[in-house]
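Participant: Need a 3D model of the sequence below.
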Amino acid sequence: MRVLGVDPGLTRCGLAVVDRSGSGKLQMIDVGVIYTDKDAELATRLLELDEQLAKWISKYKPDVVAVERVFSQLNVRTAMATGQAAGVALLLAAKSELTVAMHTPSEVKAAVTGSGRADKKQVATMVVKLLGLKETPKPVDSTDALALAICHHWRGMGNARIAAAVKKESARVNKGKKVKK
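Facilitator: This is a model prediction of the structure:
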C-alpha cells in the first residue's frame, strides 16, 4: 500500500510518500515541501498548493492520502491557514477518488514514538530509524509528513480492518431480518 502524507501549511506544506511491503517493511519513496509566497494573495497560494499536490498524486498514485487533522491552536490565523491548506488536500483526494484519512498530531506522535506527547526531535529520530534513513529530512514539515504516512500505515490500516469487521458482522446479524412497516 502507498500512502501520501500531507502536513498542511500555507507557507510550507510537507509531503511524503511511504510504501509498505507485504512483509510490513516501510520504505520512503519521496519527501518534499511545497512552498508558497507569503506575499501572494490567498487564492494564488491555494492554487499553487492545488497544482503541486495534484502533481504528487499523479506521479505517485497513492492508495490513501493521510492529512494532519487541524486542531484549535492559540494562533487563530495559523489555524485558518492550516485548515485552508488541508482543505485543498482533502478536495484533491476526493476528486482523485482516493481514500482520505485524518490523524491528530498526538495520534501521529503516539504511533511513531509510543508517546502522544513526544517532541519534534523524538518524532524525527524515530522517522529516521523506522525508514532506515541516513539523515533527518529538512525542513520539519517533510519529517512530519513522513510521520503522518507511517502513522496511517500502522493505525489507519487497523482502524480500517475494525470498521470492515463491524460492517460485516452488522450485515450478518441483520441478514434475514424483515423491516417492519
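Participant: the helices in the chain, which residues?
Facilitator: 42-60, 76-95, 105-113, 120-131, 140-151, 157-174 (DSSP state H).
Participant: Tell me where the model's unsure across the protein.
Facilitator: Counting by pLDDT under 70, the low-confidence segments of the chain come to 72-74, 157-167, 169-170, 176-181.
Participant: and if we set it to 80?
Facilitator: Confidence mapping of the chain against pLDDT under 80 gives the ranges 71-75, 156-181.
Participant: middle-most residue in it, spatially?
Facilitator: Against the mean C-alpha coordinate of the chain, by Cα atoms, centre = their mean, the closest residue is residue 66 at 2.3 Å.
Participant: what sits against residue 147?
Facilitator: Under the criterion of Cβ atoms under 8 Å, 6 or more residues apart in numbering, the contact partners of residue 147 comprise 5, 108-109, 111-112, 123, 126-127. No exception for glycine: its C-beta is placed from N, CA and C like everyone else's.
Participant: which of those residues has the most neighbours?
Facilitator: For those, neighbours were counted by other Cβ atoms under 10 Å; the highest total belongs to residue 5, with 30 neighbours.
Participant: Verify the stated contact: that one with residue 13.
Facilitator: No. With the criterion set as Cβ atoms under 8 Å, residue 5 and residue 13 do not qualify as a contacting pair; they are 10.9 Å apart.
Participant: Number of residues surrounding residue 6?
Facilitator: Taking other Cβ under 10 Å as the criterion, the count of residues near residue 6 is 33.
Participant: Repeat that for the one 10 residues further on.
Facilitator: Residue crowding around residue 16 was assessed by other Cβ under 10 Å; the count is 31.
Participant: Tell me how many other residues crowd the residue lying closest to it once chain neighbours are set aside.
Facilitator: The shortest distance from residue 16 to any residue other than its chain neighbours is 3.8 Å, reached at residue 145 (Cβ to Cβ, 6 or more residues apart in numbering). As a burial measure, residue 145 scores 29 neighbours (other Cβ under 10 Å).
Participant: Who are the contact partners of residue 145?
Facilitator: Residues near residue 145 by Cβ under 8 Å, 6+ apart: 5-7, 14-16, 31.
Participant: Check those residues and tell me the two furthest apart.
Facilitator: Checked with Cβ to Cβ, these reach their widest spread between 6 and 31, with 11.7 Å between them.
Participant: Common neighbours of the two, please.
Facilitator: 14-15, 145.
Participant: and the residues you listed as JSON lines, adding distance to residue 168?
Facilitator: Converted to JSON lines, the shared contacts of residue 6 and residue 31 look like this (distance: Cβ to Cβ, whole Å):
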{"residue": "14", "distance to residue 168": "36"}
{"residue": "15", "distance to residue 168": "34"}
{"residue": "145", "distance to residue 168": "33"}
